[in-house]
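> build me a model:
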Amino acid sequence: MISRRRGVGDQGDRMITRRDLLSLVVLALTAPISVFAQKEKTSYIVGVLRYSHRDSNVPYIAAFKQGLESFGYIEGNNLTLHIRYADGEAERLGPLAEELVRLKVDIIMAMDTLSTRAAQRASTVIPIVIGTATDPVGNGLVASLARPGGNTTGLSNMASDIVPKRLELLVAILPKITRVAVLVNSANPASRPELKAIEEASKRVGLKLITLEVNRPAQIEQAFSAMTQQRVEGLIVSLDPMLSQQRNLIASLALKNRILAIGGTLLYAEAGMLISYGQNVSESYRRAATYVDKILKGAKAGDLPVEQPTTIELVVNNKTAKALGIKFPQSILVQATTVIE
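Below is the predicted model of the structure:
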């Protein structure tokens, strides 16, 4: 039989045991609290930043909310939305973005290029989801489409990629067309790659392109006066929140001056322009909710590839065509996804 003698080592062993026991008690008391704090967050705050006026964003905000609801985020329940509009005044975006940061939002949904830039200046930590932006790489919003890096990801609108098709549509409707104008908001950097693409495409098809810069709504009527003086036959409206906000005025002036106008989204054709050709913007904002969900569940914004639209819509307005005395060729009608009568 082996007997054990008590000694100094035994006291030391008992001291270690007590210390270990104390550590275990501390862990038992504190670990559940930290785990609960990390895993049991049940409500989120999402900031939304938009360059244009709230009235022109009703369908887009609705689409974003629908997307969030499909993932179980319900406003007033487990979701708080702080929506801020700059009403077409770019200088207001910075202060509005900083306000969202102070509100400690979990994510900023930046609905356009200018809003994204303002959000990036306001925070390099809060994840930013782009609703739609022209050439996000060229405009310096992300490092690449596949690996955006930083705190930003989202959706591209491919505006500059589909410009040639808009010119082709104008030529198909009016084969003898020679002069085309483009309305551009030069205050919006996103317009630059689109304008460059329009200039290159117009040279290829042999059209004279007249660029008219419109930075404020008050300049739109002046732009149309210039178009009539230069005998413009067709008009391309570049993608821009301020111009979209003024789409009804642009459509009515185009019809009054008998100019074939084409815009980049369904809203332009619904406003009375002859054609719209581009992505479904509402669907893009609905898709943006996918990014919000992934980020709230732990994904890093910079690791999520930027998505490009896969569906392009061609909308024709027969009512406007009849008012202009134009008949759409069959080649266009068979491509149309929507016909407005």
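> in the helix or strand containing residue 223, what's buried?
Taking DSSP states H and E as the definition, residue 223 sits inside helix 220-229. Buried positions in helix 220-229, judged by neighbour count with 16 or more other Cβ atoms under 10 Å: 220, 223-224, 227. For the C-beta atoms, the positions are set from N, CA and C on the backbone; glycine is no exception.
> gap between that helix and the chain center?
Here the centre of helix 220-229 is set off from its chain's centre by 30 Å, with Cα atoms, centre = their mean, to the nearest Å.
> I'd like to know which elements that helix is packed against.
If you count contacts as 3 or more Cβ pairs under 8 Å, 6 or more residues apart in numbering; DSSP states H and E, helix 220-229 packs onto strand 179-184, strand 208-213, helix 247-256.
> how is this structure divided into domains?
Listed domain ranges for the chain are 44-157+281-303, 160-280+312-340 (source: automatic domain parsing).
> in JSON lines: these, plus mean pLDDT.
Output for these, formatted as JSON lines (pLDDT from 0 to 100):
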{"stretch": "domain 44-157+281-303", "mean pLDDT": "94"}
{"stretch": "domain 160-280+312-340", "mean pLDDT": "92"}
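> so which of the helices and strands packed on helix 220-229 is the most packed in?
strand 179-184 (a mean of 23; mean count of other Cβ atoms under 10 Å).
> residues of the very next helix or strand once past it that come out buried?
Going down the chain from strand 179-184, the next helix or strand is helix 191-205, by DSSP H and E. Residues of helix 191-205 classed as buried by neighbour count (16+ other Cβ under 10 Å): 191-195, 197-198, 201-202.
> now the helices and strands packed on helix 220-229 in TSV, with distance to residue 291?
Shown next, in TSV, are the helices and strands packed on helix 220-229 (distance: least, Cβ to Cβ, whole Å):
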stretch	distance to residue 291
strand 179-184	29
strand 208-213	33
helix 247-256	27
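> what's the closest non-adjacent residue to residue 43?
residue 78 (4.9 Å; Cβ to Cβ, 6 or more residues apart in numbering).
> residue 46 is in contact with the one you found, correct?
No. With contacts counted by Cβ atoms under 8 Å, residue 78 stays clear of residue 46, the gap being 11.1 Å.
> neighbour-wise, which of those two wins?
residue 46 (23 against 12; other Cβ atoms under 10 Å).
> just to be sure, residue 82 is in a strand?
Yes. When DSSP: H, G, I helix; E, B strand; the rest coil is applied, residue 82 is found to be in a strand.
> against residue 103, how distant is it?
6 Å (Cβ to Cβ, to the nearest Å).
> between the two, which one's more packed in?
Neighbour totals were compared for residue 82 and residue 103, and residue 82 leads with 15 against 12 (other Cβ under 10 Å).
> any idea whether residue 258 is helix, strand or coil?
coil.
> how far away is it from residue 235?
11 Å.
> find the residues that touch each one of the two.
Common neighbours of residue 258 and residue 235, using Cβ atoms under 8 Å, 6 or more residues apart in numbering, do not exist here.
> tell me who's in contact with residue 84.
Here residue 84 is in contact with 47-50, 96-97, 99-100 (Cβ under 8 Å, 6+ apart).
> now those in JSON lines, with distance to residue 152 and secondary structure?
Formatted as JSON lines, these follow (distance: Cβ to Cβ, whole Å; DSSP: H, G, I helix; E, B strand; the rest coil):
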{"residue": "47", "distance to residue 152": "14", "secondary structure": "strand"}
{"residue": "48", "distance to residue 152": "15", "secondary structure": "strand"}
{"residue": "49", "distance to residue 152": "13", "secondary structure": "strand"}
{"residue": "50", "distance to residue 152": "16", "secondary structure": "strand"}
{"residue": "96", "distance to residue 152": "17", "secondary structure": "helix"}
{"residue": "97", "distance to residue 152": "13", "secondary structure": "helix"}
{"residue": "99", "distance to residue 152": "19", "secondary structure": "helix"}
{"residue": "100", "distance to residue 152": "15", "secondary structure": "helix"}
